[in-house]
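K.L.:
Based on what follows, work out the 3D shape:
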Amino acid sequence: MREMLPEQLGVKNEDLFVCSIMPCTAKKFEIRRPEFEYTEGKRDTDEVLTTQELARMIKCAGIDFANLEPEAFDMPLGERTGAGVIFGVTGGVMEAALRLAVEKLAGHTLSDKEIEFTDVRGSTGIKEATLEVAGMKLNVCIVHGLANAHKVCQEVAEGKSKYHFIEVMTCPGGCVNGGGQPIDFNAYEKIERRTAGLYKAVRLTKTFQEESLRTTQPSSKPTRRFFPMVHVLKNLTICSTLSMQSVGILDN
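P.N.:
The predicted structure follows:
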């Protein structure tokens, strides 16, 4: 963002104000961590609004979403991937990574059916799956909720873990149930409804298209750290994520 937009918009980096809309209140603290500065004392993201805060602003402005004319997002943020959409639900980051990793290991392009890894989906607090990939067994674990994360991390610390890849999400159900999301006291139905909405929106899009990356991937070291890196069957990878993607801003 800091690398591409100033050039595209013809503005100075210091004059660019970046505000992210997040389902997570923890993001307000995270943007102030020193590793998220594009230069000393200058943050990658200036401020964070939660989806709940944005919904209040929209209502206060009297904007009626039901009667708005559909239009595309401004570029370069008008493009998205289906795998990016499912980052917002437990198991989504795992499935997004698997779509890329399995294709690379298998050495061929996966079909629309093959890129659906349903074994890593579901609302179970600790979910395990074993996948056969290019003659190898890949053990993965999907965890949501801190109590469940503690159990899995304890196994890792004690050297008892059999997993090659672990996904950890703090909020039960994933980011769709984040602390910054609209409040709904019927939590189970809310999570199920929002999860279904994300998978409906995904349209079986792969993690990212390499051709697109050739033209958009930035060259500087600080930005490259955000691009996907998957280490399979070599090192244990633990992925903790909070996603930008959320649903139900106005109607829960």
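
K.L.:
Let me know the pLDDT of Thr241.
P.N.:
As predicted, Thr241 sits at a pLDDT of 37.

K.L.:
these two touch, right, Ala129 and Thr118?
P.N.:
No: contact criterion C-beta atoms under 8 Å: Ala129 and Thr118 do not qualify, at 9.4 Å. The C-beta positions use only the backbone N, C-alpha and C, and glycine is treated the same way.

K.L.:
which of these two has more neighbours?
P.N.:
The neighbour comparison of Ala129 against Thr118 (other C-beta atoms under 10 Å) goes to Ala129, with 20 against 10.

K.L.:
so that one sits in a strand?
P.N.:
Yes: assessed by DSSP: H, G, I helix; E, B strand; the rest coil, Ala129 belongs to a strand.

K.L.:
what's the closest non-adjacent residue to it?
P.N.:
In this structure, Ala129 finds its nearest non-sequential neighbour in Asp119, 4.1 Å apart by C-beta to C-beta, 6 or more residues apart in numbering.

K.L.:
my guess is that neighbour is in a helix, correct?
P.N.:
Yes: assessed by three-state DSSP, Asp119 belongs to a helix.

K.L.:
What distance do you get for it to Leu98?
P.N.:
According to C-beta to C-beta, to the nearest Å, Asp119 and Leu98 sit 9 Å apart.

K.L.:
Which neighbours do these two have in common?
P.N.:
Contact criterion C-beta atoms under 8 Å, 6 or more residues apart in numbering; residues shared by Asp119 and Leu98: Leu131.

K.L.:
ok, back up a step: okay, the residue nearest to Ala129 and Glu71: tell me how far apart.
P.N.:
On the measure of C-beta to C-beta, Asp119 and Glu71 end up 38 Å apart.

K.L.:
what bridges to Thr39?
P.N.:
In this structure, Thr39 bridges to Lys42 when assessed by DSSP bridges.
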